[in-house]
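> For reference, the sequence and a predicted model appear below.
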Amino acid sequence: TFDRRHNSTHTPPPARYGGRHTVTLIPGDGIGPELAKHVCELFRFCCVPVDFEVVDVDSSMASEDDIDDAIMAIRRNGVALKGNIETNHNLPPSYKSRNNLLRTTLDLYANVMHCQSLPGVRTRHRKIDIMIVRENTEGEYSSLEHENVPGVVECLKIITKTKSLRIADYAFQTARAKGRRLVTAVHKANIMKLGDGLFLECCKEVASGYPEISFESMIVDNTTMQLVSRPQQFDVMVMPNLYGNVVSNVCAGLVGGPGLVPGANYGENYAVFETGTRNTGKSIANSNTANPTAMLLASCLLLDHLKLHDYASMIRRAVLSTLTETKLHTADLGGQGSTSEVLQRVMNAVQSTGPRTLSM
Amino acid sequence: FMHTRSCGKYDPPPAKYGGRHTVTLIPGDGIGPELLNHVKEVFRFCCVPVDFEVVHVNSAVETEDDINNAITAIRRNGVALKGNIETKHTMAPSVKSRNNLLRTSLDLYANVMHCQSLPGVQTRHKNIDIMIIRENTEGEYSNLEHENVSGVVESLKIITRTNSLRIAEYAFQLAREKGRKRVTAVHKANIMKLGDGLFLQCCREVASDYPDLTFDSMIVDNTTMQLVSKPQQFDVMVMPNLYGNVVSNVCAGLVGGPGLVPGANYGRDYAVFETATRNTGKSIAGKNIANPTAMLLASCMMLDHLKLYDYASMIRNAILSTMNETRLHTADLGGQGTTSEVVQSIMRVIQTTAS
């Protein structure tokens, strides 16, 4: 299994036959399956030239066969859309997080989350537009822990020069491509001098190659405090794994919650799209109350990645216009709308603006 | 040096002579010195029976003599009030954070921060009342890092059963004492299964001894998201060091910023008080615009610790009245008051209520 999983030197040709793309779909747990179904429904309705290859991953099994199959499918197809796979705390520590395995095996080193204030969603802060670039494969998520002495656990947080340079470069490239002005590195180098110190140094090195973009750094505690008082000051942010986790959740909370923000995981050869805050949503599963916005917007990011820009824009416009209809807001936005009502409205919006849909 | 610092078995008698307490004062850097001067001013004005033994710690030198002197002074006096000592990133990695050294040497294992919405401060969320108990000596702040292979750094995060049980015990005791209802443990045990898993397990163990209190747990990312949307759901929170750092800063931001919240570091034998978010405030130092509230409230917590409750209440009420009634706010709260104006106002209130 080691060979199958880590042999990533083979780059398969893009899975496109007869003008149609094949994309791996991992439903996951909780609200994942129902949201994935809605995406399929919507794509079918809009005649999007994408076929989904569904791979189920059973989170209650100790064997890693399921996740290996999923990884294999993604290697073949190059692109995936996934729901979050639950990590059951009750299973032994040797059982690694499936989501984490997927990210590290496919070397999806950059997690990108774009948090924007959306019209139609009332929040305490306005005009937020932050791009969070989070290192996705090392840091505190290395899954390296040991208990040499009973009752004393050591967790290793790994920071490497290679990966820090890589993520910093990704951040600056993205900033340049999107015309952004400022990149802020988030760290705790006053305490973790070698680790975060190295990360910071790498960011500074890369920054020197992008003179048109300003570079700043901020300690993570100050960052989170600034985020809750004046989030408008941030533009692009780059950081190691754990801070990325915290900062993305704070930002998601600021723009309206986990139901709204899509997330993307990019590697050199693969891309996997999901909701930004990776929630399983177990407590609201199958109650038709989940907010489909995040997953639908993630599917738009997927379409953009496949260069199907027209379809992406069409669906995105429809999703955002639906958000302005307050009476359709789902529970997480304080409304009483159901998932299916929202989806119906999105399809209506697509039909009234776009030419190519199935009949309703 | 190791011996003087880690010898914690000697319990000095409380430094109280002739009814007056001696308290160590560490001015620190940035706004620390000016704020502590204001504390001294207010204490002198109110005739508080506290004498300060000032110990300066120079953050620009590499030797640890200064911080060792400070630690010895605190061992003698038992209590201290401190400003934040700057940790210069440009110095060698072997130069450890002075604040961290102080906390670990004196084994100040519990950092307690009480975040409350103040009526006179306009914030986006109201009715916040959260007590954050943060493990203060281990976790990600163990200062154990190495670079065995060039370009690959390993930072060790240490979680021990002893310290986790200890901090959980502290949290539940405090919750019971203050009549709180619920304790939430914040963790990331789905990823750091052994480390945070151990922490969570210890919290659960301790929780079983406190059936009158509800215990639940929440993953740190969800916690921060919940904090920015519905902070009123939290009561008492307990967590390892780094999450404590992040969560306390988020909460401080929610109730009005770093200028308002005091923090306390408790150990078995010693207590050190400071501003909760430990900012040096270098950019506003010496300009008379810093908000003295956090430091003054920290000094009130110190007075409570010394059992000088009347003085503590007197000063605290004066601070809150200045904040809430006269609405004299400094720049961080969007006002234009200076530090000295605020302090003068507080002293005026004390004078009018005392006479």
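Yep, it's here.
> Quick check: chain neighbours aside, which residue is closest to residue 135?
As the question left the chain open, I've gone with chain A. Of all residues beyond its chain neighbours, the one nearest residue A:135 is residue A:167 (4.4 Å), with distances taken as CB to CB, 6 or more residues apart in numbering or on different chains. Just so you know, the C-beta spots here come from the backbone N, C-alpha and C atoms, and that holds for glycine as well.
> not what I meant, chain B
That would be residue B:167: by CB to CB, 6+ apart, it lies 4.4 Å from residue B:135.
> do residue A:82 as well
Using CB to CB, 6+ apart, the closest residue to residue A:82 is residue A:26 (3.9 Å).
> Please apply the same query to residue B:284.
Residue B:284's closest residue in space is residue B:290 (CB to CB, 6+ apart), at 5.4 Å.
> wait, doesn't that neighbour sit right on residue B:259?
Yes - the criterion here is CB atoms under 8 Å, and residue B:290 meets it with residue B:259 at 7.0 Å.
> any residues in contact with both of the two?
Contact with both residue B:290 and residue B:259 is made by residues residue B:330, according to CB atoms under 8 Å, 6 or more residues apart in numbering or on different chains.
> The residue lying closest to residue B:258 once chain neighbours are set aside: neighbouring residues, count only.
Ranked by CB to CB, 6+ apart and with sequence neighbours excluded, the top spatial neighbour of residue B:258 is residue B:277, at 4.3 Å. Residue B:277 has 23 neighbours, counted by other CB atoms under 10 Å in any protein chain shown.
> Repeat that for the one 10 residues further on.
The local packing count at residue B:287 equals 13, with neighbours defined by other CB under 10 Å.
> quick one: secondary structure of residue 179?
Went with chain A since none was named. coil (DSSP: H, G, I helix; E, B strand; the rest coil).
> roughly how far apart are it and chain B?
According to CB to the nearest CB, to the nearest Å, residue A:179 stands 28 Å off from chain B.
> quick one on the thing from earlier: mind telling me what element the residue nearest to residue B:284 is part of?
Following DSSP states H and E, there is no helix or strand that holds residue B:290.
> Could you measure from it over to residue B:30?
Look at residue B:290 and residue B:30: by CB to CB, to the nearest Å, they are 9 Å apart.
> returning to that earlier point: run a quick check on the residue nearest to residue A:135 versus residue A:133, I expect a contact.
Yes - using CB under 8 Å, residue A:167 is in contact with residue A:133, at 6.6 Å.
> still on that earlier bit, the helix or strand harbouring the residue nearest to residue B:135: what's the following helix or strand?
Applying DSSP H and E as the criterion places residue B:167 in helix B:161-177. Sequence-wise, the next helix or strand downstream of helix B:161-177 (DSSP H and E) is strand B:182-187.
> Work out the sheet partners of that next one and label each with its direction, please.
Strand partners for strand B:182-187, identified by DSSP bridges, are recorded as strand B:214-219 (parallel), strand B:236-239 (parallel).
> that older thread, got the phi/psi numbers for the residue nearest to residue B:258?
Taking degrees, to the nearest 10, you get phi -90, psi 10 for the backbone angles of residue B:277.
> That one against residue B:259, yeah?
No - the criterion here is CB under 8 Å, and residue B:277 misses it with residue B:259 at 9.1 Å.
> Common neighbours of the two, please.
By CB under 8 Å, 6+ apart, the residues touching both residue B:277 and residue B:259 are residue B:294.
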